[in-house]
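K.L.:
got a sequence here, can you model it:
(one chain, ligands or ions: 2)
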Amino acid sequence: MARSCLRNGILYNKRKINFTPSPLTGEVGGEGGLGTFTPHLNPPPQKGEEIFLGVIFEAMGTEKKKIRLQDISLRTEEPLTIVTTDDLMPLPPPLDRTGTKPPYPLLPEAKKKEVECSLDGVSAISLPKPKNKQEEKHLVERFLRGLEKLLSQNDNWLFWQPLIQSLETCVRCQTCSDACPVYVSSGRQEIYRPTYKSEVLRRIINKYIKKRGNILSKLTGDDIELNWPAVARLAELAYRCSLCRRCAQHCPLGSDNGLIGRELRKLFSQEMGIAPKEIHDAGTVQQLKVGVSTGISSSAFQGMVEFMEDEIEEKWGKRINIPVDKEGADILLIHNSGEFMSWIENPVAFAIIFEAAGLSWTLSSEIYGYEATNYGTWYDDVQLARISIKQVEVARKLKVKKMVMGECGHAHKGLIVIADRVLVDEMNFSRESFLPLLADLVCDEKLKLDPAKNNFAVTLHDPCNFVRLMGIVEPQRRILKKICPQFREMEPHGLENYCCGGGSGFAIMNSMNFKEWRENISGRMKLKQILETFNDVLDPSIKKYVCAPCSNCKGQIRDLIDAYHLGQNYGIRSGGLAELVVNAMADIEKSFIEWDSP
Ligand code: SF4
Ligand code: SF4
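P.N.:
Ligands and ions are numbered 1, 2, ... in the order given. Predicted structure coming up:
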């Protein structure tokens, strides 16, 4: 629709779209999707004219403001954008709601005076407003010093190379935009375009770090004023991207706008002490203090293990001793501790499978040994490194052969992938995903399985970190094809999956109005996929299971199911992968999956 409006000349005849040569190439193209739209304009655009972002909204006949890169610095209390329900990507009926109000509650006036929400009316990080101009100036200075460190190879020891590559290679073709679930779900809001934050950052770097002259800055459109509103909006913007990296996968040059978002988060955390309290105070700080982000003490953990043994006896009809702190075992299995709190059936299922298969394995009751999470992965290299080292020290002390990560995507990313840059020499301990191991146990018939026990509709959500980051795509499918006769894929899936909308910490971020934002915008694409996948079996009496083998994805999908009443209205529930395996075990008489639980 937008293209045909553009083609019919509405915008062009009014001369409301202008064009700027790319600062890198001098070519016309770039912002606002011009790479996509230019061929449809007749007569063709001229060089040297300025582009308005937000052109799509006007082309669609809405009254949306035009959002330009320079608007990031606007000194206004009004948000740059307020998304309305009408803007959003439609959902299948009967969830195809319309309306001119935002799909999330706006903050009360008193709160707006306290915290920054001038990006989109949402506050993810409860960023306090500076008390005076002097404090604003100080914070802007700190941002600049932090930016210098991000760009310094010595200071940015973890991500300097891919950051520089991502900043320098983008040619503004906008291929990445339509790959981004947040951008598309929001109705293509300019501020959520993958390149918006990146391009703002590039221009700040050009002007304030590379010190391009004022005239050149103006000519190339680099002239963004770095002030407190710009810094505050960038801080919020870093938490409107779930770091899923689907944009990077679609970029012909490998430029990673997700990484740029992550590095912005790092700057704010490491240099300015700004981070969401759920992932910093209640996350890594708590984990470094008590060893586990959920706060479960070692004695409470051991009590949970006893509870798990009771559960196993009840379901399996036999009592086992779950190995804990068994020195020299082959495997140290490490779960996201959220599983013990919210989905204990998942560690129970792993214990049943590992015992039934006769593996040499153990859990650990040492602090750091029963917590796979590492929220530093999402926002802070120093916290990431501190936690990874502690986790590996537990495994070394236990003299196990390897660590195996349970169903937690970001733990895979943090401890298996990124920690490779931190864990050198003897600390570089063997660390693996549970997925190939579980696939071998299921497919090599180490377990007695009866697929008929799983004869209900099952689909798979692919956690981004398994598929896109690590390339683990087939093991989970080998399992599901073996044990679930009605397994069906979401579209798209595998490497092309969409994020659940809870990635990068979003699933546990609930303060202010962020929960409603993630349920309505970042999770919208996944919600649509789930409904479309089950559209022929939506009758609530027909059982449907969304397999989400990651604790954070499971939390986000549970929240989507609750918010849209998918359980009551359509009989949809979610759960892990190990639970489906145990549900299919021939010698477990009772149903392992409890269909009445959410
Ligand atoms: S990040 Fe890649 S896909 Fe996106 S605009 Fe830049 S070059 Fe194009
Ligand atoms: S990482 Fe994902 S959410 Fe972030 S900009 Fe890219 S596609 Fe969008």
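K.L.:
residue 310: neighbour count?
P.N.:
11 (other Cβ atoms under 10 Å). Yep, even glycine has a C-beta here, placed from its N, CA and C like the rest.
K.L.:
same question for the one 10 residues further on.
P.N.:
A count of nearby residues for residue 320, using other Cβ under 10 Å, gives 15.
K.L.:
what do you get for residue 399?
P.N.:
11.
K.L.:
so who does it touch?
P.N.:
327, 328 (Cβ atoms under 8 Å, 6 or more residues apart in numbering).
K.L.:
can you tell me the closest non-neighbouring residue to residue 287?
P.N.:
Spatial nearest neighbour of residue 287, chain neighbours left out: residue 293 (4.5 Å); criterion: Cβ to Cβ, 6 or more residues apart in numbering.
K.L.:
strands of the chain, start to end?
P.N.:
331-334, 361-362, 402-405, 431-433, 457-460, 487-488, 544-547, 572-575 (DSSP state E).
K.L.:
what mean pLDDT does the first one have?
P.N.:
Taken as a whole, strand 331-334 carries a mean pLDDT of 98.
K.L.:
ditto for stretch 309-328
P.N.:
Computed over stretch 309-328, the average pLDDT equals 96.
K.L.:
before we move on, what about stretch 375-383?
P.N.:
On average, stretch 375-383 scores 98.
K.L.:
now the end-to-end length of that stretch.
P.N.:
Stretch 375-383 has an end-to-end distance of 8 Å (Cα to Cα, to the nearest Å).
K.L.:
what residues does that stretch touch?
P.N.:
157-159, 243, 262, 265-266, 268-270, 275, 279-280, 283-285, 287-288, 293, 374, 384-387, 410, 413-414, 418, 504-505.
K.L.:
can you pull the buried residues of that stretch?
P.N.:
375, 376, 377, 378, 379, 380, 381, 383 (16 or more other Cβ atoms under 10 Å).
K.L.:
is ligand 2 contacted by that stretch?
P.N.:
No. Judged by Cβ under 6 Å from any ligand atom, stretch 375-383 stays clear of ligand 2, getting no closer than 11.9 Å.
K.L.:
the strands of the chain: which one's closest to ligand 1?
P.N.:
Proximity to ligand 1 (Cβ to the nearest ligand atom) singles out strand 457-460 among the strands of the chain, at 27.4 Å.
K.L.:
the closest one packs against which elements?
P.N.:
helix 474-483, strand 487-488, strand 544-547 (3 or more Cβ pairs under 8 Å, 6 or more residues apart in numbering; DSSP states H and E).
K.L.:
could those go into TSV alongside distance to ligand 1?
P.N.:
Shown next, in TSV, are the helices and strands packed on strand 457-460 (distance: least, Cβ to the nearest ligand atom, whole Å):
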stretch	distance to ligand 1
helix 474-483	27
strand 487-488	31
strand 544-547	30
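K.L.:
and the residue nearest to residue 287, how many neighbours does it have?
P.N.:
24.
K.L.:
identify the farthest-apart pair in the buried residues of stretch 375-383.
P.N.:
Using Cβ to Cβ, these reach their maximum pairwise distance at 375 and 381, which is 12.2 Å.
K.L.:
near ligand 1, which residues of the stretch 101-250 of the chain are found?
P.N.:
Counting by Cβ under 6 Å from any ligand atom, the stretch 101-250 of the chain sits next to ligand 1 at 170, 171, 172, 173, 174, 175, 176, 195.
K.L.:
between those residues, which is nearest residue 252?
P.N.:
For these, the nearest to residue 252 is residue 175 (6.2 Å; Cβ to Cβ).
K.L.:
isn't that closest one up against residue 250?
P.N.:
Yes. Between residue 175 and residue 250 there is a contact at 5.6 Å, judged by Cβ atoms under 8 Å.
K.L.:
just the helices in the stretch 201-350 of the chain please.
P.N.:
214-220, 228-237, 246-250, 257-266, 272, 286-290, 298-316, 338-342, 345-356 (DSSP state H, counting those that start in this stretch).
K.L.:
now tabulate these in a markdown table and tack on distance to residue 367.
P.N.:
A markdown table is the format used below for these (distance: least, Cβ to Cβ, whole Å):
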| stretch | distance to residue 367 |
| --- | --- |
| helix 214-220 | 52 |
| helix 228-237 | 32 |
| helix 246-250 | 35 |
| helix 257-266 | 26 |
| helix 272 | 29 |
| helix 286-290 | 7 |
| helix 298-316 | 6 |
| helix 338-342 | 14 |
| helix 345-356 | 17 |
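K.L.:
hang on, the earlier thing: give me the phi and psi for the residue nearest to residue 287.
P.N.:
Backbone torsions for residue 293, taken as degrees, to the nearest 10, come to phi -70, psi -20.
K.L.:
surely it meets residue 285?
P.N.:
No. Residue 293 is beyond contact range of residue 285, at 9.2 Å (criterion: Cβ under 8 Å).
K.L.:
mind showing which ranges of the stretch 1-150 of the chain have poor pLDDT?
P.N.:
1-65 (pLDDT under 70).
K.L.:
kindly recompute the last result at 50.
P.N.:
1-63 (pLDDT under 50).
K.L.:
rewinding a little: ok, residue 175 and residue 250, which is more surrounded?
P.N.:
residue 175 (18 against 15).
K.L.:
now do that one against residue 255, distance only.
P.N.:
Residue 175 sits 10 Å away from residue 255, taking Cβ to Cβ, to the nearest Å as the criterion.
K.L.:
okay, now the nearest residue to residue 146 once chain neighbours are set aside: neighbour count?
P.N.:
In space, and not counting its chain neighbours, residue 146 is closest to residue 271: 3.1 Å by Cβ to Cβ, 6+ apart. A count of neighbours around residue 271, defined by other Cβ under 10 Å, yields 18.
K.L.:
let me see the contact set for residue 271.
P.N.:
142, 143, 145, 146, 149.
K.L.:
pLDDT score for the nearest residue to residue 392 once chain neighbours are set aside?
P.N.:
Counting by Cβ to Cβ, 6+ apart, residue 392 lies nearest to residue 429, which is 4.9 Å off, once chain neighbours are set aside. What the model reports as pLDDT for residue 429 is 93.
K.L.:
likewise the one 5 residues further on?
P.N.:
According to the model's per-residue confidence, residue 434 sits at a pLDDT of 98.
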